[in-house]
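Chemist: Sequence first, then the predicted structure, then my questions.
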Amino acid sequence: MRHRIANAVLTEKQNDIEYNGFWKPANTKPDGEYVLVWVSDWLKQDWGFYCYISLDAYKQDLDGIHGLIEELNFRGVDVYVEMVDHSPGLKEFYGKEYNKSKISHYHILKPETWERVI
């Protein structure tokens with residue numbers, strides 16, 4: 001199945017992450033520890049999605065998120081990222097990373113950020 005967003009054509013899945021519109025998460029909630037993020041174009045007008053980043057599979061999740069951003073961001077605008085929820089075991093990590101920026105939490109999409117937890 002393919003989805004059309006303005007001029008972008010999306011494949012059904014990108015590393016088990018599938019675009020499901022603005023409000024439905026792009027992947028399933030993991031059983032283990034996770035952080036839920038909102039990713040969108042900077043003005044939150046053209047595209048956006050929620051996605052879980054699992055502590056156990058963060059590299060795969062980050063690859064999928066970056067792939068989906070690449071497909072959706074057909075205008076090449078700045079990307080906005082907001083951390084919106086977390087599992088109980090990542091409370092301290094979430095708080096520390098959340099407070100690093102008042103504007104965007106884009107750093108949470110970098111593997112180096114997650115490597116500090118493990």
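Modeler: Received the coordinates, thanks.
Chemist: When you work out contacts or count neighbours from here on, use the C-alpha atoms and nothing else.
Modeler: Fine.
Chemist: who's in contact with the closest residue to residue 94 other than its chain neighbours?
Modeler: Among residues not flanking residue 94 along the chain, residue 86 sits closest, at 6.8 Å (C-alpha to C-alpha, 6 or more residues apart in numbering). By C-alpha atoms under 8 Å, 6 or more residues apart in numbering, the contact set of residue 86 is 33, 34, 35, 36, 94.
Chemist: low pLDDT regions in this structure?
Modeler: 1-15 (pLDDT under 70).
Chemist: can you pull out the helices in it?
Modeler: With DSSP state H, the ranges of helices along the chain come out as 58-72, 91-98, 111-115.
Chemist: Could you export the ones you listed to a markdown table, including columns for mean neighbour count and distance to residue 42?
Modeler: Formatted as a markdown table, these follow (neighbours: other C-alpha atoms under 10 Å; distance: least, C-alpha to C-alpha, whole Å):
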| stretch | mean neighbour count | distance to residue 42 |
| --- | --- | --- |
| helix 58-72 | 19 | 12 |
| helix 91-98 | 14 | 18 |
| helix 111-115 | 13 | 22 |
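Chemist: Tabulate those helices (CSV), appending distance to residue 45.
Modeler: Formatted as CSV, those follow (distance: least, C-alpha to C-alpha, whole Å):
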stretch, distance to residue 45
helix 58-72, 12
helix 91-98, 23
helix 111-115, 27
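Chemist: Of all those helices, which one comes closest to residue 17?
Modeler: helix 58-72 (5.7 Å; C-alpha to C-alpha).
Chemist: so what's residue 34 up against?
Modeler: By C-alpha under 8 Å, 6+ apart, residue 34 lies in contact with 52, 53, 54, 55, 86, 87, 90.
Chemist: Assess the claim that residue 107 and residue 113 are in contact.
Modeler: Yes. Here residue 107 reaches residue 113: they are 6.8 Å apart, a contact under C-alpha atoms under 8 Å.
Chemist: thinking again about what came up before, return the distance of the residue nearest to residue 94 relative to residue 70.
Modeler: Residue 86 sits 25 Å away from residue 70, going by C-alpha to C-alpha, to the nearest Å.
Chemist: Name the surrounding residues that touch stretch 110-118.
Modeler: Contacts of stretch 110-118 (C-alpha under 8 Å, 6+ apart): 55, 58, 59, 62, 93, 107, 108.
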